[in-house]
Structure formats: structure tokens, C-alpha cells
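*Asks:* Need a 3D model of the sequence below.
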Amino acid sequence: MPPDIHDVFGPAVAALDAQQLRRHRRVVSALDGAMVQADGQPRLAFAGNDYLGLSQHPALIEAARQGAARYGVGATASPLICGHSPSHEALEQELARFVGLPRALYFYAGYAANAGAIPALVERGDALISDALNHACLIDGARLSRADLTVYPHNDLAALERALIAARGARRRLVVADAVFSMDGDLAPLPEMLALCERHDAWLYVDDAHGFGVLGDGGRGSLSHWGVPTDAMSSRLIYMATLGKAAGVAGAFIAGAPAVIEWLVQKARTFFFATGAPPMIAEALRASLQVIEAEGWRRERLLQLHTRLVSGLAALPWPAPASQSAIQPLLLGDNGTALQVMAALDAQGIWVPAIRPPTVPDGTARLRISLSAAHTSDDVDQLCAALLAASARPPV
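*Replies:* Model prediction:
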């Protein structure tokens, strides 16, 4: 007889506990600024991706309220049936203009965007070349595509070029990379990658989940940060960014050449087989774009806070690799140490998540410190003082 389901998954969960790899959800409510209530207790949070502090912005809340009053709270169907409202249409046009690409397509979630778009762009017989530290949704999109997959060492341009040369016989060649890597906070060298794609007749798919809103002129993202001329490169470039992080709301979009976006409309299964996001979300995002561009002080504060954080972390015994983003990792090594330091901070009313495998490679467990424009200098000083106190405690 087949094993009882409880006999299979009960021991499997216990094995996660033994490896200190089991995750636990907290019930979280926003309070004020960077303060949250987690499982009923107030916490100063360095845990989320609300980099510009927009998730509680009055203009976004009011836009969502008015959108709900006008359109209701649900899209009722997929975008190709009747789930594409005037709000969605306006949002896509405004997103395309914002990032300087010809056309944009809005998805209800970033994971869905990557998992649907990549298999629509390449398939069996094509070549897909992926950075070793890409996010899980890029990895899953690559697997779903069934293209021949090559993984190159992180940000290794020489290895990337060798992979492109080896893939010359493929019908299509697609290079896939995060623009800002979510667990390290470092940047992909996009200008050099685009040049390699031009030289070897390949396309570049860029996931700018953690750069959009934070980097570049007016928060236009990593392409702007690097000075990439999007008008000249749009035939090589497929640009994706999420809207639930710095933009403070939900969803994602893909932008690029009109023919590419139209193909995704027709072939990205996570787009046309899923109910569209509520129009009120699109209205909140339209307001978010205006705030991102107008309130540049939020990006300036992020930069100031990051400089202060790096200075404070220098006194710790753990390495803090250089980051050019709102993400700052603190490498602790083993899972137990990461959980102990997280617990020590939690006891002082500070929430910084411990990140463990498989999210990061074995032996690189860390605290992932996320900064927000909602933080203050005093918040950062409080975190650094708590980390210093935790570093002085002997391991349990």
C-alpha cells in the first residue's frame, strides 16, 4: 500500500527542523514608518522590500480607494477576456514611458511574470544562459522553457561570453539575469552584458525587481543607473520589474519592443490564464509612479542610511559584502548562528530575517538587512548597537 500522507510529510518537516531550515510565518500589521506589529508585538523592521516607504503613502491609499469606488474590488476575469480595465491600459502606457521602452505589459505578480514570459520567449532547441545567483522565479521560468540551460558563475563576463559562443548553434539565445541580486544587493554589469548579447546575436532578459524605483534618474531603475540607451537597445532587451517592492503596491511588468510584448500577450500562460489584478491596484500604482518621480528625497535618504549602516557594521566580526542597493547582507555562515543572532535582535524589538539555504548557498546563511526611506538614522544606530551586543554573546 502507498504510505500514509502523514507518514511522508511529518518526518520531512521534522528533518527541516533538525537542519534548522524550517520557516515560520508571522502575522504582521503595519504600524507607523518602519514599525510593524509581528505576532502581536511591536518590532522595528528591517525585513521588507518597501524601499521607498510607499506602502502606507496617503496618495496611494486614496488612489486605491477611488479605484475601488469606481471599478469595484475585482477584475472578474483574465485580461484577454474582460479583466483589462482603463486603469490597466493607462498604467501600462505610463510604465513604458517611465522606463523609456516602447510598450509594457502588466502582470499580477513578479513570479508569474518571469515564470510565464521566459517559456514564451524560448523553448526546446533554444539556449538559455543564466547567472548562478538568479532568483527562484527566473530559475523556474528557465526550467519551464525546456531550453538548453547553461548557468555561468555570478557576474563572470568571461564565462558568459564562453557560454554564448558555445550556444551559436541554437535557434535563439537568451541571457537571463537579475539587475540587483536579492540576497547580496550587488548589481549585474548590464552595459557589458548588452554588448556581449549584441556581439553574439542574443537577447538579454533583465529582472530589475530590486532596482526599479531605487536606482537611476527619477527612480527609473537599473538601465537608467547604467546609462543604457533603451531606445537603441530595445530590440535586444526585455526588461522586467516588480511593483510590490519600491513601488509599494503589487504586481510586475515587462517592457520592450512592441512585437515582443504582443507575443507575451498571446503566449505567456501566467498572463492570459490568470484573473487580472483589481483595477484599484492599477490606480494605486499610477499614483506610485508619480510619487517615485517627484519625491527624490526618498532615494537620497536611502543612500544616507546605507552609508551609516555600513559604517556601523564595520565594528562587527562578520563580513558585510559591499552593496550598491537598499539590500545589505551580513554573512554569518551557519544556520544556527543566523537564527541565534536573529533571535537576539528580536528580543530587543528588532526584526531582521535570517536567510538560509536553499535561498542562499550552503554555508552562507545571513541576515538580510533591508533599508527603507521610512527608517531614520536613529533606527539604523539602534540596529547596529543591537548587532554589536549580539556579537559579544557566546554561541548557544
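
*Asks:* Now do stretch 220-236: distance from first to last residue.
*Replies:* End-to-end span of stretch 220-236 (C-alpha to C-alpha, to the nearest Å): 19 Å.

*Asks:* hmm, who's touching that stretch?
*Replies:* Where contact means C-beta atoms under 8 Å, 6 or more residues apart in numbering, the residues beyond stretch 220-236 that reach it are 98-102, 179-180, 187-188, 190-191, 194, 197-198, 202-204, 206, 208, 211-218, 237, 239, 241, 256-257. Using the backbone N, CA and C atoms, a C-beta is placed for each residue, glycine as well.

*Asks:* let's see 6 Å
*Replies:* Under the contact criterion C-beta atoms under 6 Å, 6 or more residues apart in numbering, stretch 220-236 has outside partners 99-102, 179, 190-191, 194, 197, 203-204, 208, 211-212, 215-217, 256-257.

*Asks:* now the stretch 151-300 of the chain, which segments are flagged as low pLDDT?
*Replies:* Along the stretch 151-300 of the chain, segments meeting pLDDT under 70 span 232-234.

*Asks:* just so I have it, where are all the strands in the stretch 101-250 of the chain?
*Replies:* 103-107, 127-131, 148-152, 173-178, 203-207, 237-242 (DSSP state E, counting those that start in this stretch).

*Asks:* Select, out of those strands, the one closest to Leu309.
*Replies:* Leu309 lies closest, by C-beta to C-beta, to one member of the strands of the stretch 101-250 of the chain: strand 173-178, at 21.6 Å.

*Asks:* which helices and strands does the closest one pack with?
*Replies:* strand 127-131, strand 203-207 (3 or more C-beta pairs under 6 Å, 6 or more residues apart in numbering; DSSP states H and E).

*Asks:* Leu316: which of these is closest?
*Replies:* Closest among these, once you apply C-beta to C-beta, is strand 127-131, at 28.3 Å.

*Asks:* chain center to that closest one: distance?
*Replies:* 19 Å (C-alpha atoms, centre = their mean, to the nearest Å).

*Asks:* ok, and what's touching the one helix or strand Leu332 maps to?
*Replies:* Using DSSP states H and E, Leu332 sits in strand 327-333. Contacts to strand 327-333, defined as C-beta under 6 Å, 6+ apart, come from residues 184-185, 309, 318-321, 338, 365-369.

*Asks:* Of all pairs in those, which one spans the longest distance?
*Replies:* Largest pairwise distance in the contacts of strand 327-333, by C-beta to C-beta, is 19.6 Å, between Leu309 and Ala365.

*Asks:* Just give me how far stretch 151-167 sits from the chain centre.
*Replies:* 23 Å.

*Asks:* for stretch 130-145, same thing?
*Replies:* Averaging C-alpha positions (C-alpha atoms, centre = their mean) puts stretch 130-145 13 Å from its chain's average.

*Asks:* buried ones in it?
*Replies:* Ser130, Asp131, Leu133, Asn134, His135, Cys137, Leu138, Ile139, Gly141, Ala142, Leu144, Ser145 (16 or more other C-beta atoms under 10 Å).

*Asks:* Share the number of residues neighbouring the closest residue to Gly312 other than its chain neighbours, please.
*Replies:* Nearest residue to Gly312, sequence neighbours excluded (C-beta to C-beta, 6 or more residues apart in numbering): Cys384, at 3.0 Å. Cys384: 20 surrounding residues under other C-beta atoms under 10 Å.

*Asks:* which helices and strands does the helix or strand where Cys384 lies pack with?
*Replies:* Using DSSP H and E, Cys384 maps to helix 377-391. When contacts are defined as 3+ C-beta pairs under 6 Å, 6+ apart, helix 377-391 packs onto helix 297-313, helix 335-347.
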